[in-house]
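> structure, please.
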Amino acid sequence: MGLPDAAGLPKAENTGEEIFGAIVEGFTGSGLLCWGGNFLLTGRAANSASGILDSIIGSFASEPAAQMTSNAGAELGALAAKKAGLGTIGAMILSVLGSVAGGKVAPGESPSVAASVENTAETLASKEEAAARAVEGAAAEAKTARTVEDAITGEAAAAKSAKSIAPKPDEFALTPGSVAQAVEKSPYTKHAGQVLEVEAKELGWSQTTVSYNKSRPLPDGKKIEYTYDDIKDNLYNNGWPKGDPDEVIDVVIMPPDGKLTSIDNSRLTAIHELGGVDKHGRPIKPEVRIRRPDEKLSVKDKRRFTKAEKGIFPETWGEATRGRIRSQNRQIPGQENRLEQPPRVTNRPK
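Numbers count the residues shown, from 1 in each chain. A predicted model of the protein is given here:
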């Protein structure tokens, strides 16, 4: 015969009336209290439960020590846990409790057993509640950690993206440092402001195209019309017109290496097309005026090099040269301050 029958438990008609259900309801906080070894339960099974509990305790206390075995106690604890839905851990705890009570109880100790049951149940419920809070806290922390991690990842990705699209430092920028470096490196710095005869191959261009049709203003306000071929033919037949101030071209010492960039491009291009020599095979050496990149422009030259529609308002010869290169339709990376290829002649007759 099982322990519930030995204790005289009535057969439950439904789950709500099962005696162990009532006991477990006490374990989980529905109202089990102990005063002097008597259990008072609140809830739907209170009346029947109190009498049955007295009977259980009586069985523990009045029978000889060996009559209430630890196995029977374990059975009672496990059944109570199952009815309460405490799960595997709860069943293990109550089974052990029942085993101890069934094997250790002695006459006169029933109140202590009841108190032990109550205290253990309350402890279990408290720990389950604490565990639930810990789980919730851990979930919240995990969520926060994921949020922080996502934020860090997002910031890292944004930083990486920004780095990938950010422009590289412009080594050709006309900063005081770059200008000073160019001036220091250039062998022409000592000739700044002077007119020199130089090799055409030492000069770079500042335009990607030059116009075939040209004009030059005269002192009386009129213009003289000529073409690119006129320039080329004159150089081929006569070489460079030395000593003519109107034919001197401005060249600028430019960062980062201090090489010379020509402001005038048409005559330099014509020399390139002629292979650098006249009809007699003599080198065509242009006469140039050396300009430092930080040399201030005259009012006349400011007007000449200003390109308001492109936001170019130069103050120095270096800015004028860079602005002229920037205003071209075709930009060449690495040649921001000096173009290495001769420009194309536009509108040239076929």
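
> and the nearest residue to residue 337 once chain neighbours are set aside, how far from residue 194?
Closest residue in space to residue 337, ignoring its immediate chain neighbours: residue 254 at 4.2 Å, by Cβ to Cβ, 6 or more residues apart in numbering. (Each C-beta comes from the backbone N, C-alpha and C, glycine too.) The gap separating residue 254 from residue 194 is 18 Å, by Cβ to Cβ, to the nearest Å.

> which of these two has more residues huddled nearby?
Using other Cβ atoms under 10 Å, the more surrounded residue of residue 254 and residue 194 is residue 254, with 28 against 10.

> quick check: bridge partners of that one?
Applying DSSP bridges to residue 254 gives these bridge partners: residue 259.

> what residues are up against it?
172, 182, 204, 260-261, 293, 318, 321-322, 337-338 (Cβ atoms under 8 Å, 6 or more residues apart in numbering).

> if we use 6 Å, what do you get?
Residues near residue 254 by Cβ atoms under 6 Å, 6 or more residues apart in numbering: 261, 293, 337-338.

> could you find the closest non-adjacent residue to residue 346?
Closest to residue 346 by Cβ to Cβ, 6+ apart is residue 209, at 5.1 Å.

> please name the residues that touch the one you found.
Residue 209 sits next to 343-344, 346 when contact means Cβ under 6 Å, 6+ apart.

> same check, this time on residue 314
Per Cβ under 6 Å, 6+ apart, neighbours of residue 314: 305, 320, 323.

> which of those tops the neighbour count?
Result: residue 320 is most packed of the contacts of residue 314 (other Cβ under 10 Å), 24 neighbours.

> assign a three-state SS to that one, would you?
Of the three states, residue 320 takes helix under DSSP: H, G, I helix; E, B strand; the rest coil.

> surely it and residue 304 touch.
No. If you go by Cβ atoms under 6 Å, residue 320 and residue 304 don't touch, sitting 8.1 Å apart.

> list phi and psi for residue 349.
Phi and psi for residue 349, reported as degrees, to the nearest 10, are phi -60, psi 150.

> quick one: low-confidence parts of the stretch 201-350 of the chain?
329 (pLDDT under 70).

> can you map out the helices along it?
Taking DSSP state H, counting those that start in this stretch as the test, the helices found in the stretch 201-350 of the chain are 228-238, 266-273, 299-305, 317-326.

> most tightly packed of the ones you listed?
helix 317-326 (a mean of 23; mean count of other Cβ atoms under 10 Å).

> what residues does it touch?
Residues outside helix 317-326 that contact it (Cβ under 6 Å, 6+ apart) are 174, 206, 252, 261, 291, 293, 295, 305, 312, 314, 337.

> neighbour-wise, which of the residues you listed leads?
Going by other Cβ under 10 Å, residue 252 tops the contacts of helix 317-326 with 30 neighbours.

> any idea how far residue 321 is from that one?
Counting by Cβ to Cβ - residue 252 and residue 321 are separated by 5 Å.

> so what's residue 217 closest to, chain neighbours aside?
Nearest residue to residue 217, sequence neighbours excluded (Cβ to Cβ, 6+ apart): residue 223, at 5.5 Å.

> do residue 178 as well
Using Cβ to Cβ, 6+ apart, the nearest residue to residue 178 is residue 255, at 3.9 Å.

> burial check on the one you found, number of neighbours?
A total of 27 residues lie near residue 255 under the criterion other Cβ under 10 Å.

> right, and residue 197 touches residue 285 too?
Yes. With contact defined as Cβ under 6 Å, residue 197 counts as touching residue 285 (4.7 Å).

> strands of the stretch 151-300 of the chain, residue ranges please.
Along the stretch 151-300 of the chain, counting by DSSP state E, counting those that start in this stretch, strands occupy 195-197, 203-204, 209-211, 213-217, 223-227, 249-254, 259-262, 287-291.

> follow-up on the earlier one: any common contacting residues for residue 252 and residue 321?
Counting by Cβ under 6 Å, 6+ apart, the common neighbours of residue 252 and residue 321 are residue 261.
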